[in-house]
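Undergrad: Need a 3D model of the following:
(one chain, ligands or ions: 2)
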Amino acid sequence: MATSSPTPAGAPLVYEGVSKSYRTHFWQRPFVSLDGLEMAVHPGEILGLLGPNGAGKTTTIKLALGLLFPDRGEVRLMGRCASEPASRAEVGFLPESPYFPDDLTGRELVEFAGRLHGLESADRRRRAAELLERVGLSEAMDRPLRKYSKGMVQRAGMARALVGHPRFVILDEPMSGLDPIGRREFRDLILGLREEGVTVLFASHVLADAEMLCDRVAILDAGKLLAIRDLGRLERERRVLRWEVEVLGGGEVAGGELIAERGDERLWRLPAEARAQEIVEAVAAGGGTLLSLTPQRETLEDLFLRTLRGSDGDRQS
Ligand SMILES: Nc1ncnc2c1ncn2[C@@H]1O[C@H](COP(=O)(O)OP(=O)(O)O)[C@@H](O)[C@H]1O
Ligand SMILES: [Mg+2]
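TA: Ligands and ions are numbered 1, 2, ... in the order given. Below you'll find the predicted structure:
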């Protein structure tokens, strides 16, 4: 099982040996959705919870919010047992594919959430307008949600999640159904939260989303945590597939294949096994000037799939 680094003080969310099964019919055997989860979200980080559909991401999130109770183990949210309502006071949540009554306007949606947080009427109005502007809905805030695009509904949901000034925000597939521009806007919103010291946990089955904003990723599959890594380290674990070498002038580069040529500049490709130092020497021996030497690595997607298939021996965080 994946071991994670020691739980830091003030961790907003901690799972200790948490298992959860569903029983769809009483005569059926329970289906294990989460199996012995050990994980801690560190204060101030953006943690991506990644895994294919059915991996247990939403179950993990629902356990954090007290929407489900673990069969075994303990979930602690903001230092309290996750079943205590007080644990959620400083937590914002955007559910997966949220459904909001679509005759409400964006402003009404957020103001209503403000009421649940006990904000006074004037505060509520100010806070709603400020948040809707922040998520780029200032023009649309008085239109009913049924006239919103999917991306606009997600953004209104984000404004709603932020109404109570949360210190910890949990987002379930926040980017699903968004176009590339919508994804980028959402990414900037999430990065903005981290700037303010807000901790973010978000679930996604899309690796690219995590790649562009996470500090760490937790990889979940079939209810098991396979790995929890910092993304910088994951980047370094990506295997080199080949080298691309730009050379000015000169002749052959031993062991290289000529890929492209423009004037005096040539692009050579060398196999993964070549050492950087050998390449530098080969270029010099051919009489050329080295302009650049770039390792072409496997994509994070490839590394992710390798981890899921279990061909990855080291699973420590
Ligand atoms: N209410 C439920 N009743 C029965 N099975 C469920 C229920 N919710 C989720 N599951 C099952 O638990 C597994 C994990 O689901 P989920 O946590 O929603 O995964 P993810 O969010 O990663 O797609 C899936 O196999 C799913 O079918
Ligand atoms: Mg889900």
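
Undergrad: show me the contacts for the closest residue to A260 other than its chain neighbours.
TA: Spatial nearest neighbour of A260, excluding adjacent residues (C-beta to C-beta, 6 or more residues apart in numbering): L267 at 4.3 Å. C-beta: built from backbone N, CA, C; applies to glycine. With contact set as C-beta atoms under 8 Å, 6 or more residues apart in numbering, L267 has these partners: 244-247, 258-261.

Undergrad: Go through those residues and flag which are in strands.
TA: Among these, DSSP state E puts 244-247, 258-261 in strands.

Undergrad: quick check, nearest of those to ligand 2?
TA: Ligand 2 has its nearest neighbour among these in E244, at 38.7 Å by C-beta to the ion.

Undergrad: And the helices in the chain?
TA: Listed in chain order, the helices found in the chain under DSSP state H are 57-64, 106-116, 121-134, 150-161, 180-195, 207-211, 231-237, 276-285, 300-309.

Undergrad: Same list (those helices) but as CSV, adding distance to ligand 1.
TA: Converted to CSV, those look like this (distance: least, C-beta to the nearest ligand atom, whole Å):
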stretch, distance to ligand 1
helix 57-64, 3
helix 106-116, 23
helix 121-134, 26
helix 150-161, 17
helix 180-195, 18
helix 207-211, 14
helix 231-237, 20
helix 276-285, 40
helix 300-309, 13
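
Undergrad: As a markdown table, these with mean neighbour count and distance to ligand 2 would be great.
TA: Output for the helices of the chain, formatted as a markdown table (neighbours: other C-beta atoms under 10 Å; distance: least, C-beta to the ion, whole Å):
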| stretch | mean neighbour count | distance to ligand 2 |
| --- | --- | --- |
| helix 57-64 | 24 | 3 |
| helix 106-116 | 21 | 22 |
| helix 121-134 | 17 | 25 |
| helix 150-161 | 23 | 15 |
| helix 180-195 | 15 | 17 |
| helix 207-211 | 20 | 14 |
| helix 231-237 | 13 | 21 |
| helix 276-285 | 15 | 43 |
| helix 300-309 | 16 | 17 |
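
Undergrad: one step back: may I see the contacts of L267 arranged in TSV, with pLDDT as well?
TA: Shown next, in TSV, are these (pLDDT from 0 to 100):
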residue	pLDDT
E244	95
V245	96
E246	96
V247	96
L258	95
I259	94
A260	94
E261	94
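
Undergrad: Put together JSON lines for the residues you listed, with neighbour count and distance to ligand 1 on each row.
TA: Below are those laid out as JSON lines (neighbours: other C-beta atoms under 10 Å; distance: C-beta to the nearest ligand atom, whole Å):
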{"residue": "E244", "neighbour count": "16", "distance to ligand 1": "37"}
{"residue": "V245", "neighbour count": "25", "distance to ligand 1": "42"}
{"residue": "E246", "neighbour count": "19", "distance to ligand 1": "43"}
{"residue": "V247", "neighbour count": "26", "distance to ligand 1": "48"}
{"residue": "L258", "neighbour count": "12", "distance to ligand 1": "47"}
{"residue": "I259", "neighbour count": "12", "distance to ligand 1": "41"}
{"residue": "A260", "neighbour count": "11", "distance to ligand 1": "43"}
{"residue": "E261", "neighbour count": "10", "distance to ligand 1": "48"}
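
Undergrad: for the stretch 201-317 of the chain, which spans come out with low pLDDT?
TA: For the stretch 201-317 of the chain, applying pLDDT under 70 flags the ranges 310-317.

Undergrad: what's the burial count for the closest residue to D35 other than its chain neighbours?
TA: Of all residues not flanking D35 in the chain, G223 sits nearest, at 4.4 Å (C-beta to C-beta, 6+ apart). Counted with other C-beta atoms under 10 Å, the neighbours of G223 add up to 21.

Undergrad: Okay, and the beta partners of R262?
TA: Beta-bridge partners for R262, by DSSP bridges, are E265.

Undergrad: near ligand 2, which residues of the protein?
TA: With C-beta under 5 Å from the ion as the criterion, the chain meets ligand 2 at residues 57-58, 96.
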